[in-house]
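Participant: pasting the sequence and the predicted model now:
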Amino acid sequence: MSVQGPAQVLEIAKVSRTFGEGATAVAALREVDLTISAGEFVAVMGPSGSGKSSLLALAGGLDRPTSGGVFVESTPLGGLGLNELARLRRRAVGYVFQDFNLVPTLTAAENVALPLELDGTATRKAQRQALDALRQVGIPELAARFMDQMSGGQQQRVAIARAIVGDRRLILADEPTGALDSTTGHGVMEVLRGRADAGAAVMLVTHEARHAAWADRVVFLRDGRIVDQAAAMHDPAMLLAQAGN
Amino acid sequence: MSIRHSLLALLQDQPRYGYQLRVEFENRTGSTWPLNIGQVYTTLDRLERDGLVSNDGSDGEGHVVYTITDAGKAEVQGWFAAPVERNNPPRNELAIKLALAVTLPGVDVQAIIQAQRVASIRALQDYTKARRDTASNQRAADTAWLLVLDSLIFQTEAEVRWLDLCEARMVQQAQNGQATARKSSNGVTVEEAAPLIADNRR
């Protein structure tokens, strides 16, 4: 395996996901293709029930497709056993959920170090990496705090630190700004953007246009299908001409 | 946009000539609303006619310099003090387009909404990137441009939210229509009703 790793961090190929069977079967995703490269930030938008969260769950191996394949750094998730899958998730994939899923009896640093320690990293090394991640999200001074001593915005930063600790190459975020005020939401987007700029592949599910706008590419889902994509123009002259209208 | 008041406000800062006013206006608003130099001269003529500025003659290099009068200063003060008028909503082409589209047979309103959504999100991506780049420079002169960018971001975001609402209304209407059709016909199978159930469940 090369040192830099493959450019395509996530590949979702012809993925369908159906819940239930027979007459009451519901297709959440229908033959979806989506690739996210290293350094790319992709936002997924769509109305409730369009399949956004199903897609994210499949991307991280939290769920398995009915048909089609999901590849993380060229590894087909479908070919992995439960233990191997859990191991890959701990090493390569970071999740940020709307409800932070933090352990209340652990400090911020211990929460962030947890996935590393579960993976066999020595406590001291894991703590060092956890501190580094907390620094990246701007709260190294809160490392020793417990969750009930922190605001919602601070807890979400801990959750993000846990998602990026140990240089994960794929960051998956499901409405990570849901419970936060707009300034804190902005901070969360800055961290996700920063991870993409540092080379991670980032996938964000959101219904907020202003958050999706931080992405390089916005994918629109409807009824389980990708119906459109929007990429920034990155052309200031066009931007000004547009605004002048 | 009040060019008249904008030029007056700039003259309150210091006496200036036409080209300087144009450059200064565009610098302070991030060149978001380019000014036509002809517009600047016409406006200055009117301001002079109304006694709000005085013409100081040429500065020796062929530029006609204007100074604000006391009446002009009072006018600027009044402009800043008064909220922007809202009794006439500005003409909104998108709202007009959709209002007509929903009332005409055979127009695919969802396609119009989606095409606009993609265009609006793309603009929002560009504004957001411009904001990020400008904010990271942290130059004092960029404050005015950041405010203008924030305004564009909020407006575009509001447009996207409004499009979402329009679409949700359309879907709801279509579902109500289908529900009515189901009641009136006895040949509808469970499969046909399934997508609606799915939408409600998730």
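Facilitator: Arrived safely, thanks for sending.

Participant: quick one: residue A:107 and residue A:146 touch, right?
Facilitator: Yes: using Cβ atoms under 8 Å, residue A:107 makes contact with residue A:146 at a distance of 5.9 Å. Glycine gets a C-beta too; all of them are placed from N, C-alpha and C.

Participant: residue nearest the centroid of chain A?
Facilitator: Most central in chain A under Cα atoms, centre = their mean is residue A:172, positioned 1.1 Å from the mean C-alpha point.

Participant: where does the prediction get shaky in chain A?
Facilitator: Counting by pLDDT under 70, chain A shows low-confidence ranges at A:1-6, A:179, A:233-245.

Participant: let me fix that: chain B
Facilitator: Under the criterion pLDDT under 70, the flagged ranges of chain B are B:1, B:87-91, B:140-141, B:179-202.

Participant: any idea where the strands of the chain begin and end?
Facilitator: Went with chain A since none was named. Assigned by DSSP state E, chain A shows strands spanning A:8-19, A:26-37, A:41-45, A:67-72, A:75-76, A:93-96, A:170-174, A:201-205, A:217-222, A:225-231.

Participant: switch to chain B, that's the one I care about
Facilitator: B:16-17, B:53-58, B:64-68.

Participant: which other residues reach the first one?
Facilitator: The one in question is strand B:16-17. Here strand B:16-17 makes contact (Cβ atoms under 8 Å, 6 or more residues apart in numbering or on different chains) with B:10, B:24, B:59, B:63, B:64, B:65, B:66.

Participant: tell me if I'm right that the first one and residue B:21 touch.
Facilitator: Yes: the pair residue B:10 and residue B:21 passes the contact test of Cβ under 8 Å, sitting 5.5 Å apart.

Participant: so these two - more neighbours on which side?
Facilitator: residue B:21 (23 against 19; other Cβ atoms under 10 Å in any protein chain shown).

Participant: list the contacts of the more buried one.
Facilitator: Contact analysis of residue B:21 by Cβ under 8 Å, 6+ apart lists B:7, B:10, B:11, B:40, B:44.

Participant: distance to chain B for the strands of chain A - can I get that in JSON lines?
Facilitator: Listed next are these as JSON lines, based on distance: least, Cβ to the nearest Cβ, whole Å:
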{"stretch": "strand A:8-19", "distance to chain B": "8"}
{"stretch": "strand A:26-37", "distance to chain B": "4"}
{"stretch": "strand A:41-45", "distance to chain B": "8"}
{"stretch": "strand A:67-72", "distance to chain B": "18"}
{"stretch": "strand A:75-76", "distance to chain B": "27"}
{"stretch": "strand A:93-96", "distance to chain B": "19"}
{"stretch": "strand A:170-174", "distance to chain B": "14"}
{"stretch": "strand A:201-205", "distance to chain B": "13"}
{"stretch": "strand A:217-222", "distance to chain B": "5"}
{"stretch": "strand A:225-231", "distance to chain B": "5"}
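
Participant: any chance of those strands in a markdown table, plus distance to residue B:139?
Facilitator: Below are these laid out as a markdown table (distance: least, Cβ to Cβ, whole Å):
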| stretch | distance to residue B:139 |
| --- | --- |
| strand A:8-19 | 35 |
| strand A:26-37 | 33 |
| strand A:41-45 | 26 |
| strand A:67-72 | 41 |
| strand A:75-76 | 46 |
| strand A:93-96 | 33 |
| strand A:170-174 | 31 |
| strand A:201-205 | 29 |
| strand A:217-222 | 30 |
| strand A:225-231 | 28 |
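
Participant: among the ones you listed, show me which one is buried the most.
Facilitator: Highest mean neighbour count of the strands of chain A: strand A:201-205, a mean of 28 (counted as mean count of other Cβ atoms under 10 Å in any protein chain shown).

Participant: ok, and the closest non-adjacent residue to residue 80?
Facilitator: With no chain named, the answer covers chain A. Of all residues not flanking residue A:80 in the chain, residue A:88 sits nearest, at 6.6 Å (Cβ to Cβ, 6 or more residues apart in numbering or on different chains).

Participant: um, chain B though
Facilitator: Distances taken as Cβ to Cβ, 6+ apart place residue B:9 nearest to residue B:80, at 7.7 Å, with adjacent residues excluded.

Participant: same check, this time on residue B:2
Facilitator: Nearest residue to residue B:2, sequence neighbours excluded (Cβ to Cβ, 6+ apart): residue B:79, at 7.0 Å.

Participant: let me see the contact set for the nearest residue to residue A:104 once chain neighbours are set aside.
Facilitator: Spatially, and ignoring its direct neighbours in sequence, residue A:104 is nearest to residue A:147 (4.8 Å; Cβ to Cβ, 6+ apart). Taking Cβ under 8 Å, 6+ apart, we find residue A:147 in contact with A:102, A:103, A:104, A:106, A:108, A:111, A:155, A:158.

Participant: cool, and residue A:61?
Facilitator: Listed by Cβ under 8 Å, 6+ apart, the contact partners of residue A:61 are A:70, A:72, A:77, A:80, A:85, A:88, A:89, A:93.

Participant: mind redoing it with 7 Å?
Facilitator: Residues near residue A:61 by Cβ atoms under 7 Å, 6 or more residues apart in numbering or on different chains: A:77, A:85, A:88, A:89.

Participant: same deal with residue B:65?
Facilitator: Residues near residue B:65 by Cβ under 7 Å, 6+ apart: B:15, B:16, B:17, B:56, B:59.

Participant: what about the residue lying closest to residue B:135 once chain neighbours are set aside, neighbour count?
Facilitator: What sits nearest to residue B:135 in space, not counting adjacent residues and going by Cβ to Cβ, 6+ apart, is residue B:146, at 6.5 Å. Residues within reach of residue B:146, counting by other Cβ under 10 Å, total 14.
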